[in-house]
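Asks: sequence first, predicted model second:
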Amino acid sequence: MQKVALITGITGQDGAYLAKLLLAKGYYVHGIKRRSSQSNTDRTDHVYNDTDSNFSLHYGNLTDSINLIRIIEQVQPDEIYNLAAQSHVQVSSETPEDTANADAIGTLRLLEAIRILGLTEKTRFFQASTSELFGKVQVTPQKETTPFYPRSPYAAAKIYGYWITVNYREAYGIYACNGILFNHESPIRGESFVTRKITRAAARIKLGSQESLYLGNLDAKRDWGYAGDYVKAMWLMLQQEQPEDYVIATGETHSVREFVELAFKNAGIAITWRGTGLEEKGIDPASGKEIVHIDPCYFRPTEVNLLLGNPTKAREKLGWTPETSFEKLVSMMVAEDLKNAQRDLLCKNN
Ligand code: NDP
Ligand code: GDR
């Protein structure tokens, strides 16, 4: 029998990678996309074109219980991957209610739909939890048993999603797992997350179509992995005998500053730093131009300074290890953004 998966958040970064992985494994993949005034399926259009007979999209929203119940009843999924979220930490301070509605109550709506429809024994559930749960980190590296201390409306909403997933597993026997995912990036990462903002700027500055890059906290440290590796862990979590929660991370941490240096190096600019605090600048020594500036508008009301995950449990129980190094990730992202910047320039000049 062909397995059926339902992916919420299919139009996002992880949705695109996971859809591709599941289709390659022979699944029928359903995805939920939000209605938008412009096309929002760029990341999955090629998936659809290659494999349209096993792929369907449904309009929906995590804030709409009736819609979710109808889709799940119609689709009868063997596996649900809940990737949909207002996923931007800084934006969550500006839209805290919307974030809580989608990220916290949205998770509850899906679990309740499984229960209402009598699918507790059939449907397995994956919840995209986050290293942001650790927040104001007091123990390093962080593992499954490290205490949580959320530092944003996003993290506070995701902690509800985490615990309601645990609760429905324990209360109703649903096979439900949290992947406590550390930051993971790719060439299709949203452009307002720091990694993609940097690789895109490095490429555009190199080709002369952008003057400078404005950033916030250069000293924040993250455990950055590759999205293509992380979706494999999501799938593995739903294939075990027992449902459990897992930290998914690389076990390496780097600062935003290091990311900037490596990305610009990949674009052919050996950036150097001058000044301190708000006056700090990243200089292109070849031209003497100040190309990186600090803009306090990107500072967060409460920052998470250091994240570093310990993926031992995932390695031992799932056999999962990250395959893509930090250096490979950065070079892959810069190479793709150089191609994008080149294409944009060609379009502009034609
Ligand atoms: P993206 O921001 O790229 O994608 C989020 C997806 O959720 C998009 O498809 C978006 O739709 C959809 N969405 C947002 N709000 C709603 C809503 N109310 N109803 C239905 N769909 C909605 O995130 P990623 O792919 O990077 O992340 C996937 C998941 O993993 C998220 O839950 C995120 O919080 C979590 N996570 C991600 C990490 C990372 O480093 N990438 C690390 C830890 C956790 P639209 O395209 O219309 O905006
Ligand atoms: P994060 O990712 O908040 O970790 O959440 P983001 O890339 O937004 O920030 C990482 C770090 O970089 C610092 N920073 C900046 N961030 C942004 N966005 N823009 C800037 O200009 C900038 N300058 C410095 C931030 O302060 C922060 O310390 C991501 C999301 O994918 C979440 O959904 C997910 O849960 C977590 O990763 C794990």
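Replies: Yep, it's here. Ligands and ions are numbered 1, 2, ... in the order given.
Asks: any idea how far Ile7 is from Glu316?
Replies: Distance of Glu316 to Ile7, given as C-beta to C-beta, to the nearest Å: 27 Å. All C-beta atoms are positioned from the backbone trio N, CA, C, and that covers glycine.
Asks: can you tell me how far whichever residue of the chain sits closest to ligand 1 sits from Ala85?
Replies: Minimum separation of the chain from ligand 1 (C-beta to the nearest ligand atom) falls at Gly12, amounting to 2.0 Å. Remark: distance between Gly12 and Ala85 (C-beta to C-beta) = 8 Å.
Asks: before we move on, what about Gly179?
Replies: Taking C-beta to C-beta, one finds Gly179 at 13 Å from Ala85.
Asks: equivalent analysis for Ala16, please.
Replies: 15 Å.
Asks: all helices for the stretch 201-350 of the chain, in order.
Replies: With DSSP state H, counting those that start in this stretch as the criterion, the stretch 201-350 of the chain has helices at 227-237, 256-266, 312-313, 326-349.
Asks: would you mind giving those as TSV with distance to ligand 1 and mean neighbour count added?
Replies: Shown next, in TSV, are these (distance: least, C-beta to the nearest ligand atom, whole Å; neighbours: other C-beta atoms under 10 Å):
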stretch	distance to ligand 1	mean neighbour count
helix 227-237	6	22
helix 256-266	14	21
helix 312-313	17	16
helix 326-349	12	16
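Asks: for ligand 2, which of those is the nearest?
Replies: helix 256-266 (4.8 Å).
Asks: which residues make contact with that closest one from outside it?
Replies: Residues from elsewhere that reach helix 256-266, judged by C-beta atoms under 8 Å, 6 or more residues apart in numbering: 194-195, 198-199, 202, 205, 213, 215, 217-222, 224, 270-271, 273, 282, 291-292, 326-327, 330-331, 333-335.
Asks: what angle do that helix and helix 326-349 make?
Replies: Interaxial angle of helix 256-266 relative to helix 326-349 (axes from the mean of the first three to the mean of the last three C-alpha atoms, to 10 degrees): 60 degrees.
Asks: next one: Gln76 from Leu21, what distance?
Replies: 21 Å.
Asks: so His30, which state does it fall into?
Replies: Put simply, His30 is strand when judged by DSSP: H, G, I helix; E, B strand; the rest coil.
Asks: what about it, distance to Ala100?
Replies: Taking C-beta to C-beta, one finds His30 at 26 Å from Ala100.
Asks: which of those two has more neighbours?
Replies: His30 (24 against 20; other C-beta atoms under 10 Å).
Asks: so what's the more buried one up against?
Replies: Contacts of His30 by C-beta under 8 Å, 6+ apart are Val4, Ala5, Leu6, Ile7, Phe55, Ser56, Leu57, His58, Ile71, Val75, Pro77.
Asks: and the stretch 101-250 of the chain, which of its residues are near ligand 1?
Replies: Counting by C-beta under 6 Å from any ligand atom, the stretch 101-250 of the chain comes close to ligand 1 at Ala102, Ala128, Thr130, Leu181, Asn183, His184, Gly190.
Asks: possible to save these as a markdown table with pLDDT?
Replies: A markdown table is the format used below for these (pLDDT from 0 to 100):
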| residue | pLDDT |
| --- | --- |
| Ala102 | 98 |
| Ala128 | 99 |
| Thr130 | 98 |
| Leu181 | 98 |
| Asn183 | 98 |
| His184 | 98 |
| Gly190 | 98 |
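Asks: just the buried residues of those residues.
Replies: With burial judged by 16 or more other C-beta atoms under 10 Å, the buried subset of these is Ala102, Ala128, Thr130, Leu181, Asn183, His184.
Asks: which among those residues gets closest to Leu308?
Replies: Nearest to Leu308 among these, counting by C-beta to C-beta, is Asn183 at 10.9 Å.
Asks: domain assignment for this structure?
Replies: 4-185+224-248, 194-221+254-303+325-349 (automatic domain parsing).
Asks: tell me which of the ones you listed sits most buried.
Replies: Highest mean neighbour count among the domains of the chain (mean count of other C-beta atoms under 10 Å): domain 4-185+224-248, with a mean of 20.
Asks: quick check: bridge partners of the nearest residue to Gly60 once chain neighbours are set aside?
Replies: Leaving out its chain neighbours, the residue that sits closest to Gly60 by C-beta to C-beta, 6 or more residues apart in numbering is Ile32, at 4.0 Å. In this structure, Ile32 bridges to Thr8, His58 when assessed by DSSP bridges.
Asks: what residues are up against Ile32?
Replies: Ile32 neighbours (C-beta under 8 Å, 6+ apart): 6-10, 57-61, 68, 71, 84.
Asks: so where's the stretch 101-250 of the chain uncertain?
Replies: Low-confidence segments of the stretch 101-250 of the chain (pLDDT under 70): none present.
Asks: residue ranges of the strands in the stretch 101-250 of the chain, please?
Replies: 124-130, 176-181, 184-185, 213-215, 221-222, 225-226, 246-248 (DSSP state E, counting those that start in this stretch).
Asks: alright, calling it a day.
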